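A.B. asks: Build me a model:
(chains A and B)
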Amino acid sequence: MEYLYLQGDAALELGWEFYLPLAIALGLIIAGVPIWAVLGVTSVAMLHFSEVLPLSLLGEALFDGIDAFALIAVPLFILTGDVLVRTGLSGKLLDIAEALVGGFRSGFGTATVLVCGFFACISGSDAAGAAGVGRMTIDRLVKQGYPRPYACALVASGACTGILIPPSIAYIIIGLILGISASTLFLAAMIPGLMIMLSIMLTNIIVNRFTGYENADQGFSLRRLGRAVYDGRFALLVPVVILGGIYSGVFTPTEAAAVAVVTTMIIGLLQGTITLADFPNMLASSAKVNGVIVPIIAFSLPLAQTLAALDVPQGFVAMMTSVSDSETVIILMMIAILIVAGCVMETTPNIVILSPILLPLAQEIGMHEIHFCIMMVTALGVGFITPPLGLNLFVVSGLTGTPILKIAAKALPYVFTMLGVVLMLAFIPELSLWALD
Amino acid sequence: MRSLLARIDRDGERWLLLIFYTTIVLTIAVEVVRRFVLSYSSIWGEEIARYAFIYLVWIGASAAVRDRAHIRIDVLLHQLPARGKALLYLFGDFVMLAVAVIALYFSIETVLVSMKFGSVTHGLRIAQAWFLAAVPLGFSLLSLRLVQSIYRDWGDLRHGRAAYEGKRLFD
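C.D. replies: Here you go, the predicted model:
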């Protein structure tokens, strides 16, 4: 009896001041209101109704919340992606990938995913990767025999590696929110990121076995590989500089991103693939992408603070542990929450809002915080290709004019394989923690 | 005068974004080089980059409103006939405007409080208000863009023209 009483006391007791803003948010999202404004309305409504914190919090959050050196990596990584494409370095990376794996069955599909992975080692943003790789490969994938929606789905899925293979904006953000060093997270994310990439390649190969989409047979030639590697030597040097610099502790991720921008720009200028006249367009379009992504972070922060002030994290732990005290069940419930959240919301606000709520629960069952971050980001990464709000689907759909839902249907096998990897990561902590002391 | 206004309308955010982006990249790159060569880095270098970033964010948000590039769920939008679509776009603009006005109000308040107490930044020792102003400046531009957008959409709706679909996020 006493036990029940204690549980009831700690349980989540939220009234309409919590549920009404949530309902409003859902309505606005469905009505197609831009995400940053939905988060803004929800924050204001929750602050106003619950009165746990002053409304003026909003004015400070929009400045203080994003006043962080770590976040400057966001526009820099977006810009690196753009520079890679405009300098033609991404094309050279594709040549290398093709020379490497193009000779095998489903070779061009595998090469497409591999080039997404190369991209991911240089740029930490996956929307930029989806756009960059999509522009190069989708038409060629179609020529190789893949239906267009499937080609779009393959690129969208491959581009998930953008934030799952370090460097990554997602790990920078979760590190910022939970106070964990991004470099440590990058180290931990290496194997999980590669696992996701390999699983996507494998899925494409298996799908191909059944459907026989890809009919090209390029043959493997060492000579061709040697030539491609030589042509792309500068492009290959960039990830070495970035990852080497971050892992050896020479650069912070933000500095590495700036070095990457400057290096790729200099390579492009020296090789004559870009001129100074290209800079305004390049910078302006990356700035716009940054102006889409960071406001979403800024408006999520006051919402996360309000939820914390409403004791949602503690209440949530009590609620979940009262359902089950089995570690396995709780991990599965967390993953389910992350997947559902990934479907209805964009990945960035999910990280900001959910990581402070879920971390206490993870700690309650003795999960290492780094392991938790890896599981969380990977599970949310699946959200990039789940409709209706998958950013990668959004990007490739914008690129090709193929409707989002058509692409999403073809992305379904990838959603399931990625889920499989998420489960492996969740239940085998060593995959994330092997590199740490 | 008219042509100047038209140019600002066309390229206003662009110029500002170029300035702030270049500032960020150059400052951080120079700081890295300086640390390698002189084993020394300044406190103000990081500060400049951080503040330029905040300007970049909010002015970029305004540029994205102008091009209708902000991320939204467009599943419902695509199912609707032209008129419904235009109405939803208008609704979205009004919601954004409401949030922008609230943000504008509170961010101006933050600037005023900072001016009243005369707070200065750690590195550069200049008035914090110059940097805090990034938020109200961004939201003023953003609100202007929204008013423009509402005016355009309203006209399109009344004359039965197709609603502006915006530019692609990645061109």
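
A.B. asks: Taking chain A, what residue is nearest to chain B?
C.D. replies: A:G291 (2.2 Å; CB to the nearest CB). To be clear about C-beta, it is placed using only N, CA and C from the backbone, and glycine gets the same treatment.

A.B. asks: these two touch, right, that residue and B:A61?
C.D. replies: Yes. Using CB atoms under 8 Å, A:G291 is in contact with B:A61, at 4.3 Å.

A.B. asks: Show me the shaky parts of chain B.
C.D. replies: B:168-171 (pLDDT under 70).

A.B. asks: re the thing from before, just want the phi and psi numbers for the residue of chain A closest to chain B.
C.D. replies: phi -70, psi -10 (degrees, to the nearest 10).

A.B. asks: quick one, which of A:G291 and B:A61 is more surrounded?
C.D. replies: B:A61 (31 against 28; other CB atoms under 10 Å in any protein chain shown).

A.B. asks: Closest residue of chain B to chain A?
C.D. replies: B:G60 (2.2 Å).

A.B. asks: The residue nearest to the spatial centre of chain B sits in which helix or strand?
C.D. replies: For chain B, the residue nearest the mean C-alpha position is B:I59 (2.3 Å; CA atoms, centre = their mean). Element membership for B:I59, per DSSP states H and E: helix B:43-66.

A.B. asks: Are there helices or strands packed against that helix, and which ones?
C.D. replies: helix A:279-309, helix B:2-38, helix B:134-158 (3 or more CB pairs under 8 Å, 6 or more residues apart in numbering or on different chains; DSSP states H and E).

A.B. asks: As a markdown table, those with distance to B:D74 would be great.
C.D. replies: Formatted as a markdown table, the helices and strands packed on helix B:43-66 follow (distance: least, CB to CB, whole Å):
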| stretch | distance to B:D74 |
| --- | --- |
| helix A:279-309 | 14 |
| helix B:2-38 | 23 |
| helix B:134-158 | 15 |
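
A.B. asks: mind checking which of the ones you listed is nearest B:I54?
C.D. replies: helix B:134-158 (4.4 Å; CB to CB).

A.B. asks: can you list contacts of the closest one?
C.D. replies: For helix B:134-158, contacts defined as CB atoms under 8 Å, 6 or more residues apart in numbering or on different chains pick out A:59, A:62-63, B:12-13, B:51, B:54-55, B:57-59, B:61-62, B:65-66, B:68, B:83, B:86-87, B:89-90, B:93-94, B:96-97, B:100-101, B:103-104, B:107-108, B:110-111, B:161-164.

A.B. asks: Drop the exposed ones from the residues you listed and show what's left.
C.D. replies: A:59, A:62-63, B:12-13, B:51, B:54-55, B:57-59, B:61-62, B:65-66, B:68, B:86, B:89-90, B:93, B:96-97, B:100, B:103-104, B:107-108, B:110-111, B:163 (16 or more other CB atoms under 10 Å in any protein chain shown).

A.B. asks: Report the contact partners of B:L16.
C.D. replies: B:55, B:59.

A.B. asks: so what's the residue nearest to the centre of chain B up against?
C.D. replies: Applying CB under 8 Å, 6+ apart, the residues contacting B:I59 are A:287, A:291, B:13, B:16-17, B:20, B:137-138, B:141.

A.B. asks: Mind doing that once more with 10 Å?
C.D. replies: By CB atoms under 10 Å, 6 or more residues apart in numbering or on different chains, the contact set of B:I59 is A:287-288, A:290-291, B:12-17, B:19-20, B:134, B:137-138, B:141-142.

A.B. asks: ok so, going back, can you pull the pLDDT of the residue of chain A closest to chain B?
C.D. replies: On the pLDDT scale, A:G291 is placed at 93.

A.B. asks: burial measure for the residue nearest to it when sequence neighbours are not counted, as a count.
C.D. replies: In space, A:G291 comes closest to B:G60 once its chain neighbours are excluded; the distance is 2.2 Å by CB to CB, 6 or more residues apart in numbering or on different chains. Other residues lying near B:G60 total 30 when counted by other CB under 10 Å.
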